Structure formats: structure tokens, C-alpha cells
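K.L.:
Quick one, what's the 3D model for this:
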Amino acid sequence: MPHFTAEDAQQLRVREGFSLRDVDPASTPGFSGSRKDAEKIAAGHEDELADLQERMYAMARAGDEHAPSVLFVIQGMDTSGKGGIVRHVFGGIDPQGLALRSFKAPTEEERQHDFLWRIERALPPRGFVGVFDRSHYEDVLIQRVRSFAPPAEIERRYGAIVDFERSVQESGTKIVKVMLHVSRAEQGARLRERLERPDKHWKYNPGDLDERALWDDYQEAYEIALRRTSTDDCPWYCVPADNKWYARLVVNGLLLEALRGIDPQWPVAEFDPAAELARLDAEG
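P.N.:
Numbering: from 1, shown residues only. Just a heads-up that it's a prediction; the model follows:
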């Protein structure tokens, strides 16, 4: 049976000298198995993930001021599989401990503040697993490509993001950043499917083709953003995403690694369980 470990996932870390062109979107680094193998591996993690998440949530519910949380930042071009990751990887998490946010164009109120203002307000509470389906990185991606912000401001934002993420992690929230790298050809096939199938029309936005026309500009913007904001403490993982099942396997493994690293423990009861059992038994 093929396997995929946390060590295998480290092949996908964005390091010094990273080039997006060197990442084959159709590849499956660290994994030689099939889709069925990948699904079996992920299914085998379900019980452990549920247990670790419940422990973390219980710590916060019990009033532990140091209870940790986890935040997954998921970026990628249109059709890269962000929604599928949310459904297939995080869909198995107890909803009461999951905080999902998707960032669209900023509102008028949000424009009155620094670009990180709305992000800070959306961070997951202690004990939660948070997921950002698109994130603060839109402010150095589309803003750069579309020239919505001047170059000097974009340059400032890279450093601001690094400082912000360092602060968030120091406060007890583990950040995991994943860029789903889909090929232009595969994106075209997925857009075609959305147009040809009536049950997929709801997923299609005519603006998707406008952004697709700027493909090369976006690839450059992604490469720069990943290089500038991937740090030892908060690295990016560039995940080949032409095979959706592989991308889901990787994110599943990264979630498990993050929760194992936190190693949440059941909170100690502030009452005497034996005494309470005796009271219960006395009631008959």
C-alpha cells in the first residue's frame, strides 16, 4: 500500500530559489499510488483528525486561555480546487469547531482600513480550525496584476504580511499556507465543463475568462508572493493540483501534521468525577 507522510509533504515547501515553472501541476511528488490509494489513506486519518480536533476545541470550551487554533490559507487560480478541498478535507471536521471564510472584493468600510484589518477580524477563535478560501494574499495578487494599488504599496504589503503572520502564530494560531497550482490547460478543461453542464453553470463567472487572459501575469504575481512570504516558521506549500485527489491528500496530511504538532490534551476536570459518579449512583 503506498503511503504519504509529513516528510513527503515537505518536498512541496517553497524554499529559496523557488520557481513556479519548476512545479509540474500534473505531478504527484512523494506519492506513487492511485486515486483510490489516496482516498484510502485520507479515510484512515478520519478518526485521528476528529479526536485531535475535539481535544483542541475542548481545551477552549473549558476556558484554557492558551488553547491553540489552526488556520489554513488556501490560494489558487479559478478552478484550482479550493472548494473541493474545503468539502473533502475539512467537511469531515465537526462544524462547531470549524471557521470558514471566503474573501471577496473589500467593502466600503473595509477600504477605510489597512488591508489586514478585515483579515485580523476573521481569524479563527481559540480551539477552532479556520479556513480562508482566498485571503489577504488577494491584496498582493489581483491588486498587483490589475494595478489596483501602486507598486510601493504592494511592496509594503509583503513585509506587512510576514510580520502579521508571525504575530498571529506567536499568539497561538498555527498557520498553514497552501497554493493549489493548476495548469492553464486543466483550468480550460474545468471551465469548459462548467459551461457544458447545466449543473455546473452556477460555478461559472464570465469574469473567470477575463482573469484567465492574464494568466502569465498571475503566475508571476504568485511566484513573487510565495518567494517573499514563505518563511521557516510559516512556509508556503505549492501543491500540484491538476489531480484533485492528490491535492486533497496533501492538505489532509498537512492538517493531520498541524494537529499532531499541537498535540492538544483533554482538559482536566474541575470537579471530582468519582464523587459525581457516587452522587449519580445514589439517585438510583
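K.L.:
Please enumerate the strands of this structure.
P.N.:
Here the chain has its strands, by DSSP state E, at 69-76, 98-102, 129-133, 173-181, 236-240.
K.L.:
any chance of the ones you listed in JSON lines, with distance to residue 209 too?
P.N.:
Glycine gets a C-beta too; all of them are placed from N, C-alpha and C. Shown next, in JSON lines, are the strands of the chain (distance: least, Cβ to Cβ, whole Å):
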{"stretch": "strand 69-76", "distance to residue 209": "17"}
{"stretch": "strand 98-102", "distance to residue 209": "21"}
{"stretch": "strand 129-133", "distance to residue 209": "21"}
{"stretch": "strand 173-181", "distance to residue 209": "19"}
{"stretch": "strand 236-240", "distance to residue 209": "24"}
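K.L.:
Same list (those strands) but as JSON lines, adding distance to residue 207 and mean neighbour count.
P.N.:
Converted to JSON lines, the strands of the chain look like this (distance: least, Cβ to Cβ, whole Å; neighbours: other Cβ atoms under 10 Å):
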{"stretch": "strand 69-76", "distance to residue 207": "16", "mean neighbour count": "24"}
{"stretch": "strand 98-102", "distance to residue 207": "16", "mean neighbour count": "17"}
{"stretch": "strand 129-133", "distance to residue 207": "17", "mean neighbour count": "23"}
{"stretch": "strand 173-181", "distance to residue 207": "19", "mean neighbour count": "22"}
{"stretch": "strand 236-240", "distance to residue 207": "25", "mean neighbour count": "24"}
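K.L.:
Tabulate these in CSV, adding columns for distance to residue 204 and mean pLDDT.
P.N.:
Below are these laid out as CSV (distance: least, Cβ to Cβ, whole Å; pLDDT from 0 to 100):
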stretch, distance to residue 204, mean pLDDT
strand 69-76, 17, 97
strand 98-102, 17, 94
strand 129-133, 17, 96
strand 173-181, 19, 98
strand 236-240, 24, 98
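K.L.:
So which of those is nearest residue 275?
P.N.:
strand 69-76 (33.1 Å; Cβ to Cβ).
K.L.:
can you give me the angle the closest one makes with strand 173-181?
P.N.:
Interaxial angle, strand 69-76 versus strand 173-181 (axes from the mean of the first three to the mean of the last three Cα atoms, to 10 degrees): 20 degrees.
K.L.:
how about the strands of the chain, which one is nearest residue 211?
P.N.:
Judging those by Cβ to Cβ, what sits closest to residue 211 is strand 69-76, at 12.0 Å.
K.L.:
Show me what the closest one is packed up against.
P.N.:
helix 46-61, helix 82-88, strand 129-133, strand 173-181, helix 244-262 (3 or more Cβ pairs under 8 Å, 6 or more residues apart in numbering; DSSP states H and E).
K.L.:
Parallel or antiparallel, which strands does it pair with?
P.N.:
strand 129-133 (parallel), strand 173-181 (parallel) (DSSP bridges).
K.L.:
Give me the neighbour count for the closest residue to residue 37 other than its chain neighbours.
P.N.:
The shortest distance from residue 37 to any non-neighbouring residue, by Cβ to Cβ, 6 or more residues apart in numbering, is to residue 2 (4.9 Å). By other Cβ atoms under 10 Å, the residues close to residue 2 number 13.
K.L.:
Residue 32 is in contact with residue 2, correct?
P.N.:
Yes: using Cβ atoms under 8 Å, residue 2 makes contact with residue 32 at a distance of 5.3 Å.
K.L.:
For this structure, which residue occupies the most central location?
P.N.:
The centroid of the chain falls nearest to residue 72 when counting by Cα atoms, centre = their mean (3.0 Å).
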